[in-house]
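Enquirer: Sequence isn't available, so here's the structure alone:
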């Protein structure tokens, strides 16, 4: 018994300097990405993240990944009800009561192309994932905030479309400015 206690005491003395030297990990380092949430519905996975640039600007991103080969998503720029009722825009938006503030235009990771059929105004992204990004200002504070983002999309292929997902709320937890200084 005494031998075990001596061993534990020795182990504690050896590890104590290492444990006290540990610093908490940075919430979101410059140049880093923080995953905030995700949802899968109608054969599309949507992942929400916050990116921090080297000069301390922040971008909220949503990556829309179709889960079946052949599925494409529609342009962010088509009308909310589609073109002549066809398609739905791919959107990432903030609720009106959001603590995040959008401070620039929504950017897309890929250009659109004409749809394989339908009106010429009906634009689609190539098959595969598409990321939408919006520059944001973080709220003041020293703690995490529970927030929501809204996404809209519709996945289609040459064989048909999945039901649209419109203004789907995704719960996220965001850091405030004070946590990142």
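Expert: Arrived safely, thanks for sending. On a predicted model such as this, the values are computed, not experimentally measured, just so you know.
Enquirer: When you work out contacts or count neighbours from here on, use the C-alpha atoms and nothing else.
Expert: Noted.
Enquirer: Surely residue 136 touches residue 98?
Expert: No - taking contacts as Cα atoms under 8 Å, residue 136 lies outside contact range of residue 98: 11.0 Å.
Enquirer: Among the two, which residue is more densely surrounded?
Expert: residue 136 (17 against 14; other Cα atoms under 10 Å).
Enquirer: what sits against that one?
Expert: Going by Cα atoms under 8 Å, 6 or more residues apart in numbering, residue 136 touches 57, 58, 59, 60, 100, 101, 102, 103, 104.
Enquirer: tell me which element the spatially most central residue of the chain is part of?
Expert: Ranked by distance to the mean C-alpha position of the chain (Cα atoms, centre = their mean), the top residue is residue 48 at 1.5 Å. With elements taken from DSSP states H and E, the one containing residue 48 is strand 44-52.
Enquirer: Within the sheet, what are the partner strands of the helix or strand that that strand is followed by, with directions?
Expert: Using DSSP H and E, the helix or strand that follows strand 44-52 towards the C-terminus is strand 58-66. Paired neighbours of strand 58-66 in the sheet (DSSP bridges): strand 44-52 (antiparallel), strand 130-137 (antiparallel).
Enquirer: So which residues of the protein form helices?
Expert: Taking DSSP state H as the test, the helices found in the chain are 2-21.
Enquirer: follow-up on the earlier one: could I get the contacts of residue 136 in JSON lines, plus columns for pLDDT?
Expert: Converted to JSON lines, the contacts of residue 136 look like this (pLDDT from 0 to 100):
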{"residue": "57", "pLDDT": "94"}
{"residue": "58", "pLDDT": "96"}
{"residue": "59", "pLDDT": "98"}
{"residue": "60", "pLDDT": "98"}
{"residue": "100", "pLDDT": "96"}
{"residue": "101", "pLDDT": "96"}
{"residue": "102", "pLDDT": "97"}
{"residue": "103", "pLDDT": "97"}
{"residue": "104", "pLDDT": "96"}
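Enquirer: Which members of those are classed as buried?
Expert: Neighbour counting by 16 or more other Cα atoms under 10 Å classes 58, 59, 60, 100, 101, 102 among those as buried.
Enquirer: Rebuild these as a markdown table, extending it with distance to residue 73.
Expert: Shown next, in a markdown table, are these (distance: Cα to Cα, whole Å):
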| residue | distance to residue 73 |
| --- | --- |
| 58 | 25 |
| 59 | 22 |
| 60 | 19 |
| 100 | 26 |
| 101 | 26 |
| 102 | 23 |
